[in-house]
Structures are given as C-alpha cells and as structure tokens.
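1. Predicted model, plus sequence, below.
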Amino acid sequence: MFKNSLKAFDEAQNYIPGGVDSPVRAFKNVGGTPVFIERGEGAYLIDIDSNRYIDYVQSWGPLIFGHANEETLNAVFETAKKGLSFGAPTLLETELAKEIVELFDSIDKVRFVNSGTEAVMSAIRLARGFTGRDDIVKFEGCYHGHSDSLLVQAGSGAATFGNPSSPGVPSDLTKHTLLAKYNDIESVKRCFEASDDIACVIIEPIAGNMGLVPAKEEFLVSLRELCDEKGALLIFDEVMSGFRASLKGASGLTSVKPDLVTLGKVIGGGMPVGAFGGKAEIMNQLSPEGPVYQAGTLSGNPVAMAAGLITVRRLKKDPTIYETLEKRAKNLVKGLKEAADNASVPLQIDVRGSMFGFFFNENEVKNFDDALKSDTKRFAKFHQEMLKRGVYFACSQFETGFISTPITDELIDETVEKTKEVFKLI
C-alpha cells in the first residue's frame, strides 16, 4: 500500500535530515512512514502509490478552498507570467494590505514577510523597540515559530525565565522569555512580578499547536487589562487562526483588541507568506519610517500576494462560507465523539470556525498540562488505521485539523463511518 513512499523516504533520508523539511512530517508522533504526496485535488491528497485520502490537514491550514483550486491557480499563473519577484514595490502588496486593514479593527498598517516565524520574530522586535524593554511573556504549548527567543521550556518555580528547548539556542537569548500557563491569568501576573522589563505578551488566542485549545474570553479580557496596567503590548499570533476561525480570525470572536497581530497561511492561499500589523503609532517605528529594522528580499512577492488576494477577496465576498465550514467541522467532531462514546473511548472535541480538534483525554483540555495527559499511543493507532482507510488527519495529537470548502457533507459522513470501525478496533 505504501511501497513507493517507503522507498522515497529511505532515499530522502540520505540527503535531507530526517528525510523531511519540517519535523512533524516524519510521522514520529504516530509511527510508520510518511506518505509522499504526488498531487492534491480539492478535498483529496494522492500519494505516489496512488492512494487517495480525504485531507483534513490542507497544508496545515492555508488551503481553505482546497487543493489546486482553479481560481487561485489562475491568479498565480497570470501573475507568474509577469515575473516571480522584483525586489521592488507592486500594487498587489497595497491591495492585499488594504483588505487586511479593512477587516481587522486592531490593524492600521501591515507589513508582509515570508513566513509565520518571520512575522512573529519581527513583531516581537518591534514591540521591544517600541517599549524600550527586553523581556517577553509566552504561554506553554503555544508555538510561534522557531526563532531563538521562542524555543523555550519551563524552568523551576512559579514564574521563571525559560530555558532553551533546543541545542543551538543560547541561554542568553531565552533568558528574556518568561513562561506562563494558558488560560491562567495568575501565572501571567507572576511573570510581571518577576520582571519590570516586559515588552509584550504573545498568545495564540486560539491555540493550534497543543491541539485546538481556545483561550477563554474572561482570560483574554484580564490579559488585556494587565498589559495596559503594566505598559506592555499584547500580540495575537493569528498565523493559524487568521481567516480560519472567522473572516476576522480569532479577533472576530473576542471583544479584546491586541496591539499587534501576526498572520500567515490563508493570506498566501498556499504560497509562502507571513505578515504583522497593528496600530499606526507602533508600526510607524519600522524602518524606513522609524528605527526598528526589518527587511526581506522576497517579502510581498507578487505570486504570494496574488494567491492571497484572490483567497481573501473570495472569503470577504461570501462570509457564509464560514458558517458552512463550521457546521461541517461540528458534524465531524460530533460524529467522532459519538463513535468514541459507543466504543468507550474517552474523547474531547472542540471547533472554532473551520478549525477542529480532538483529544484522547478523559477531561477538558484548557492548557498544555491538560493536553499532555492525552493518550498519544491511542491517537497514533487511530491515525494509522484512518490512514489505511483513506483519511489523512494531522500526524500528531497536538495539532489542529481544518475543513476546506471541497470537503462535503457526504465526505464528513464517510469519514465518521470509518471512525466507527477504528474506534472499535482501538
């Protein structure tokens, strides 16, 4: 069934570390060998062994209109004919920036970069430059890319600066990062008690990298009040949730307004992209207008801008798309939950817009500690068996799933039927 993928993975490991260009793709969290993809068609992935899968990953979020969407491809093709990159301004950058600014109340100006990691790194630098402070607060279980300051693990004590979680990251860099517990405002207060030099607090308002774990509204409100009291900026990392949770991302589902927002994924329509934006007084500190330096040769390249622009405009034109996607996401996890209950398998579920998540866990998951209590071995078995039945879920218990427009009610029903078999088996 996976003969060609096995061979391809063996060869890839000779030339690429671990055989993959992003660690989770190696399937180490779920066992087995990663399937190598030949092409995508709407709701489906087709691997090099000609196996077809209903795809609930959708390139980890960007493909809200599915694989090889004709309108997106046409925009890319027509733009590419004029040139792939110029290293100079184009009208497309301004057009996409205008769409984002009009939709996000907390964004007056936006700058494009090439990845979510770059967007977060730049937003934090800007926050430090604007406040004149060095320290930052992040939350356990929230992933904001692989820049040095953010690759941290918890130290000892109630409020501590993080220790490096990866070789190659100097402790001199992570010593400026304090760790708090998600959905726990008291842990954030302890961070501010430990340091009077905090520039910003960064959070995924809908966490997607410990599994889907939304922040409680009262927690976000308290977080905003605390940042205002202490003179720190509040950054929403919406690289994943932007244009996914709603037309206005997680920002459209909460009354809380951040000072800066990072975006990615959907605003590139499948092309590499990232962005960060916020209040004009903060964004005006960026070079060449201000002293905070940030640059990039391929930033705002026309192909990525064209793909993102056609995607955002289609979503803006018909925001009922989100109602349909959320309904399907809820039907999917409801079906999973019923199948799990019938097989006496503990399962927790949640949905935000076109994002969904499920944990093999007996209790509600509110933070990373809760997520870590999930049965990862059972999830791995579930993933393996679903893959054999032609369903491609994220290859980790601690990742979020996505619904795209080509995933029909019929495909949801088909998926649920297959889960019934698998839950009984595991």
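-> That came in fine, so what should we check first?

2. From Q58, how far off is P346?
-> 27 Å (Cβ to Cβ, to the nearest Å). Where C-beta positions appear, they are placed from N, C-alpha and C, glycine not excepted.

3. Looking at the two, which has the bigger crowd around it?
-> Legend: neighbour count by other Cβ atoms under 10 Å for P346 and Q58, higher for Q58 (27 against 14).

4. So the more buried one sits against F402, correct?
-> Yes. When contacts are counted by Cβ atoms under 8 Å, Q58 is listed as touching F402 (4.6 Å).

5. got any residues that touch both of these two?
-> Shared contacts of Q58 and F402 (Cβ atoms under 8 Å, 6 or more residues apart in numbering): I64.

6. For stretch 120-136, list every residue counted as buried.
-> 120-131, 133, 135-136 (16 or more other Cβ atoms under 10 Å).

7. from those, which is closest to K381?
-> Nearest to K381 out of the buried residues of stretch 120-136 is V120 (Cβ to Cβ; 33.9 Å).

8. Please name the residues that touch that closest one.
-> Listed by Cβ under 8 Å, 6+ apart, the contact partners of V120 are 144-145, 147, 150, 202, 235, 237, 239, 262, 276.

9. Could you identify the most distant pair in these?
-> Pairwise over those, using Cβ to Cβ, the maximum falls at L150 and F276, 14.2 Å.

10. Looking at those two, which one has more neighbours?
-> F276 (33 against 24).

11. what is the rounded mean pLDDT of stretch 375-387?
-> Mean per-residue pLDDT for stretch 375-387: 97.

12. just the CA coordinates of that stretch, formatted as PDB?
-> Output in PDB follows, covering the C-alpha atoms of stretch 375-387 (Å, rounded to 0.1, in the frame of the first residue of the first chain):
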ATOM      1  CA  ASP A 375      -3.400   9.100  25.300                       C
ATOM      2  CA  THR A 376      -0.900   9.700  22.500                       C
ATOM      3  CA  LYS A 377      -0.400   5.900  21.800                       C
ATOM      4  CA  ARG A 378      -4.100   5.500  21.200                       C
ATOM      5  CA  PHE A 379      -4.000   8.600  18.900                       C
ATOM      6  CA  ALA A 380      -1.100   7.000  17.000                       C
ATOM      7  CA  LYS A 381      -3.100   3.800  16.400                       C
ATOM      8  CA  PHE A 382      -6.100   5.800  15.400                       C
ATOM      9  CA  HIS A 383      -4.100   7.800  12.900                       C
ATOM     10  CA  GLN A 384      -2.500   4.700  11.400                       C
ATOM     11  CA  GLU A 385      -5.900   3.000  10.900                       C
ATOM     12  CA  MET A 386      -7.600   6.000   9.500                       C
ATOM     13  CA  LEU A 387      -4.700   6.500   7.000                       C
END
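
13. Can you pull the domain assignment for this protein?
-> Listed by automatic domain parsing, the domain ranges of the chain are 3-68+319-425, 70-317.

14. Can you get me a residue count around A75?
-> The burial count for A75: 22, using other Cβ under 10 Å.

15. do P23 as well
-> The criterion is other Cβ under 10 Å. On that basis, P23 has 12 neighbouring residues.

16. Check G145 and give its pLDDT.
-> On the pLDDT scale, G145 gets 89.

17. surely it meets N114?
-> No. Using Cβ under 8 Å, G145 is not in contact with N114, being 11.6 Å away.

18. Give me the longest helix you can find in this structure.
-> Determined from DSSP state H, the single longest helix within the chain is helix 320-342.

19. Buried residues, that helix. List them.
-> 321-322, 325-326, 328-333, 335-337, 339-340.

20. by contact count, what packs against it?
-> helix 302-317, strand 348-352, strand 355-359, helix 409-425 (3 or more Cβ pairs under 8 Å, 6 or more residues apart in numbering; DSSP states H and E).
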